[in-house]
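S.K.: What follows is a predicted structure for the sequence shown.
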Amino acid sequence: MGRLVVVSNRVADPRKPAAGGLAVALGEVLRNTGGLWFGWSGAIADGGTPGEGELRLQQAGVVTLATVDLCRADHDAYYGGYSNGVLWPVFHYRLDLADFDGPGIDGYRRVNRLFARRLVPLLRPDDVVWVHDYHLIPLAAELRAAGCGQRIGFFLHIPMPPSQVFAAIPQHEWLTRALFAYDVVGFQSCTDLGHFVEHARRSAGAKPADEHRLQAFGRRLHAQAFPIGIDVDEFERLGRAREAREAYVTTRDEYARRRLLIGVDRLDYSKGIPQRIRAFRELLARHPGNRHSATLIQIASPSREGVEAYAEIRAELERLCGAVNGDFGDLDWMPVRYIHRTVARRRLPGLYRAARVGVITPLRDGMNLVAKEYVASQDAADPGVLVLSRFTGAAEQLTEALLVNPYDIHGTAEALQQALDMPLTERQARHDALLHCIREHDVHRWCADFLAALDASFAGSLGHHGRVRRQRRSEPPPATG
Ligand code: GDG
């Protein structure tokens, strides 16, 4: 197979630790394969021209980082506007939070076109291009319009909503057509894949070509679920290293008389953190034996702070945690430790290991890697219990966790109590099964399976393999507002 070219919104030095599921996973993939990683630099060039941005190349070990700056107008429309103001909420089933009237679509399209223009000169004929996530759905259509015949795959890290929800996006038909410019489109779960197939059938009249392939818009698309995983061995190594051991010992000693529960998330409304705090409150209220004992450590790393909905959830969380501590806390016991900061990755395995319960309760999540990291960090002889939302992609695989409905505060509180009370033999049996599962479906398998599908895919157009006719630029999306 040719050189791997990864394209994602943000690019990170794969030699450095990252916070955020996509950056962590792609760093692990590229450290192994080498190649080119293309995306936004993270810099906003004030005073720059929309649709323009300088390309920078930098070598990071075996990986070449190719980044483009964005001007303020492009950044606000593409990133804050369409990607995180429309696509992120809708794909997480939150039509109430989507700003359909905003002007973001033009910037979204402009930045995708800019990325394509900057990427094309860097591509070699036998490159395999792997595009990631909702920021870049139309990228392949732009690359095809520029004459690229390389294999191009797309992986959606976030959920694919049901057709009726997706159809609320005024440009949903354009987005669906854009996905058919790829050779392979991957989803986190069978649920997501089912939603896509149903939508393509309904809105584009797509027909099944064979087991994994759909035919529409004169192209054949391979669509499949490829559940993402973690690098279990690497995470276990991290757990044995000094900083994780220190974090474990310090936390264990500090909370020697307590039973710890832990949540680790980017601060995002999809993660269900307020519902989690309410469930913990309910636990203390209904099961007083936990008072002066159970302590929830909630790490919420700052995320997308410029987007309005994120400022609101931050204020709500501070209020909720303050109320639990005020109502239940005592001089020697603070029930919730809420940490709105990014904790060093090297410390995370120690914190996970010190916690008797991992509380991973998103309202909706593509996969959720924290659930897998929690399992990988446990002491097999005395493991903690994973309480997991049934609305995560991870729940399709991690069926030995205690699966909860995070909207059901009472039911979640009861599951937390069940986790705290669970006998050792049951904890061991569940942990064994979970560890086996995350080993089977680790990040290496995710990567290998996706790239094998991409390698095996015939050029998506119904024309000759490897030779894609130059296509006209994709139709512009319908105007909004
Ligand atoms: C997207 C999808 C999908 C979190 N806080 C800290 C920190 N993290 C790390 C975790 C984990 C990663 O960030 C979070 O990954 P998730 O999968 O839980 O969630 P998203 O960031 O929303 O990721 C998700 C993922 O892409 C991969 O496809 O699973 O569904 O939404 O690795 O450990 N890391 C550090 N400090 C923190 O405070 N160092």
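M.R.: Done, it's in. Residues are numbered from 1 along each chain as shown.

S.K.: Show me which residues of the stretch 151-300 of the chain are close to the ligand?
M.R.: Neighbours of the ligand within the stretch 151-300 of the chain, by Cβ under 6 Å from any ligand atom: His157, Ile158, Ile228, Val264, Arg266, Ile299. No exception for glycine: its C-beta is placed from N, CA and C like everyone else's.

S.K.: ok, 8 Å please
M.R.: 155, 157-159, 188, 228, 230, 264-266, 268, 270-271, 299-300 (Cβ under 8 Å from any ligand atom).

S.K.: Just the ones in helices from the residues you listed, please.
M.R.: Using DSSP state H, no member of these falls in helices.

S.K.: Can you tell me which of those residues are buried?
M.R.: Taking 16 or more other Cβ atoms under 10 Å as the criterion, what is buried in these is 155, 157-159, 188, 228, 230, 264-266, 268, 270-271, 299-300.

S.K.: For Glu318, list the residues it contacts.
M.R.: Each residue near Glu318 by Cβ atoms under 8 Å, 6 or more residues apart in numbering is listed here: Tyr338.

S.K.: Look up how far Ile277 lies from it.
M.R.: 10 Å (Cβ to Cβ, to the nearest Å).

S.K.: and if you look at Leu143?
M.R.: Distance from Leu143 to Ile277, by Cβ to Cβ: 44 Å.

S.K.: what's the strand ranked longest in the chain in contact with?
M.R.: Longest strand in the chain, counting residues (DSSP state E): strand 35-45. With Cβ under 8 Å, 6+ apart as the test, strand 35-45 has contacts from 3-11, 14, 26, 30, 53-54, 56, 62-72, 75, 79, 111, 115, 118-119, 122, 127.

S.K.: packing partners for the one helix or strand His222 maps to?
M.R.: Here His222 sits within strand 219-225, counting by DSSP states H and E. Strand 219-225 sits against strand 184-187, helix 190-204, strand 213-216, with contacts defined as 3 or more Cβ pairs under 8 Å, 6 or more residues apart in numbering; DSSP states H and E.

S.K.: Deepest in the core, which of these is it.
M.R.: Greatest average neighbour count among those goes to strand 184-187 (a mean of 26), per mean count of other Cβ atoms under 10 Å.

S.K.: What remains of the contacts of strand 35-45 if I keep only buried residues?
M.R.: 4-11, 14, 26, 30, 53, 63-71, 75, 79, 111, 115, 118-119, 127.

S.K.: Next, the contact list for the closest residue to Val359 other than its chain neighbours, please.
M.R.: Excluding the flanking residues, the one nearest Val359 by Cβ to Cβ, 6 or more residues apart in numbering is Gly263, at 4.7 Å. Neighbouring residues of Gly263 by Cβ under 8 Å, 6+ apart: Ile273, Arg276, Leu296, Ile297, Gln298, Ile299, Gly358, Val359, Ile360, Thr361.

S.K.: Save these as JSON lines, and put in secondary structure too.
M.R.: Shown next, in JSON lines, are these (DSSP: H, G, I helix; E, B strand; the rest coil):
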{"residue": "Ile273", "secondary structure": "helix"}
{"residue": "Arg276", "secondary structure": "helix"}
{"residue": "Leu296", "secondary structure": "strand"}
{"residue": "Ile297", "secondary structure": "strand"}
{"residue": "Gln298", "secondary structure": "strand"}
{"residue": "Ile299", "secondary structure": "strand"}
{"residue": "Gly358", "secondary structure": "strand"}
{"residue": "Val359", "secondary structure": "strand"}
{"residue": "Ile360", "secondary structure": "strand"}
{"residue": "Thr361", "secondary structure": "coil"}
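
S.K.: which one of these sits closest to the ligand?
M.R.: Nearest to the ligand among those, counting by Cβ to the nearest ligand atom, is Ile299 at 5.0 Å.

S.K.: Pretty sure that closest one sits against Ala344.
M.R.: No: under the criterion of Cβ atoms under 8 Å, Ile299 makes no contact with Ala344, lying 11.0 Å away.
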